[in-house]
Each structure stands twice: as structure tokens, then as C-alpha cells.
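**Q** Kindly generate the corresponding structure for this input.
(one chain, ligands or ions: 1)
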Amino acid sequence: MSFNFKCTNCGENIVIHYMKPGESITCKKCGCKNIVPDSNSTQVDKQSELWVSAPNNKTDTSSFKKYPALYSISTILKYVAYIVLILSIGVLIYGLTLLGTYAKTLAITIISSSIYFGLVSFISFLAFSELIKLFIDIEKNTRK
Ligand SMILES: [Zn+2]
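**A** Residues are numbered from 1 along each chain as shown. This next block holds a predicted model:
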């Protein structure tokens, strides 16, 4: 368990892992020696929780290094999904502007196909992007 306390000299937060109360620790900021207080007298705050969660971020980076192509594809697919969505909204608006004109049949065709293809491709691109991440996560969790 980790906990922290304030430096007696400068007030800097000192985070402690695997140290017993009564041992001395040097403050990183001022170099002053501090005696580790009893862990029961101090509170575990957000800063020490961040320290604890740090190894998890490390695992993510290792997966990223292991599958850089998959990560890139996943990210690209996500962008493509949004580009497709924006494009189909653009086509949809274009179709709507045609509605009031003589080309009503063409307008309806444009509107319906933009909604259909826009939604289908947006969902499939996004789903595929998430699926790649899911596979990486599954691989990561089953590695241990
Ligand atoms: Zn200090």
C-alpha cells in the first residue's frame, strides 16, 4: 500500500511505497531528510492513486508498441467513420435542397441513399474500429 505525507521542510508531497514507518526518506524537492510517519496517521489521496494506476498505462503502451499497425488502422477507421458521416450529412442537406425543385424523385433518392449508406458505413467503420481495440484488449488480458 502506498501513502503520502508532506515534507517537514518545504511542504512537498512525498509518496511512499514499500517503506516502513520510522525509515528516513530524502525529499526530492529540497533534499531534506524526513522520517516516514505511521501510515495509519496519513490519508491515501488521489496523487498516490495515480501512482498506483501508472503500471496500467505502461501495459497500454506495450500493446501499442506490439500492434502499432492495428492501433493506427483502428484510429484511421474511426476518422473515416466520422468523415463518412459528415459527407452523408452533406449529401443529405444537398438532397433536401433539391426537394423543392423539379428533381423531386432524384432528391428523394439522394436523401434515402445518403441516410442508408451514411448510417451503414458509419456504424460498420466505427464497429470495426472498436472491434480492433477489443481484440487488442482481449489479447492483453489473456497474455498473463
Ligand atoms: Zn522538502
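
**Q** I'd like the distance from the helix or strand hosting I86 to the chain centre, please.
**A** Per DSSP states H and E, I86 falls inside helix 68-99. How far helix 68-99 lies from its chain's middle: 21 Å, per CA atoms, centre = their mean, to the nearest Å.

**Q** ok but P21 is inside a helix, no?
**A** No: under DSSP: H, G, I helix; E, B strand; the rest coil, P21 sits outside any helix and is assigned coil.

**Q** Make sure it is actually in contact with V36.
**A** Yes: contact status for P21 versus V36: in contact at 5.2 Å, counting by CB atoms under 8 Å. Quick note: C-beta positions are derived from backbone N, CA and C, even for glycine.

**Q** neighbour-wise, which of those two wins?
**A** Counted by other CB atoms under 10 Å, P21 and V36 do not tie: V36 has more neighbours, with 17 against 14.

**Q** If I look at that one, what pLDDT would I see?
**A** The per-residue pLDDT reported for V36 equals 84.

**Q** So the residue of the chain positioned farthest from its centre: helix, strand or coil?
**A** Within the chain, Y102 marks the point farthest from the mean C-alpha position, 49.0 Å out by CA atoms, centre = their mean. What three-state DSSP gives for Y102 is coil.

**Q** any idea how far the ion is from it?
**A** 80 Å (CB to the ion, to the nearest Å).

**Q** What of I110?
**A** Counting by CB to the ion - I110 and the ion are separated by 68 Å.

**Q** how about the helix or strand encompassing that residue: buried residues?
**A** Assigned by DSSP H and E, I110 belongs to helix 104-142. Of the residues in helix 104-142, those with enough neighbours to count as buried (16 or more other CB atoms under 10 Å) are 107, 110-111, 114, 118, 121-122, 125-126, 129, 132, 136.
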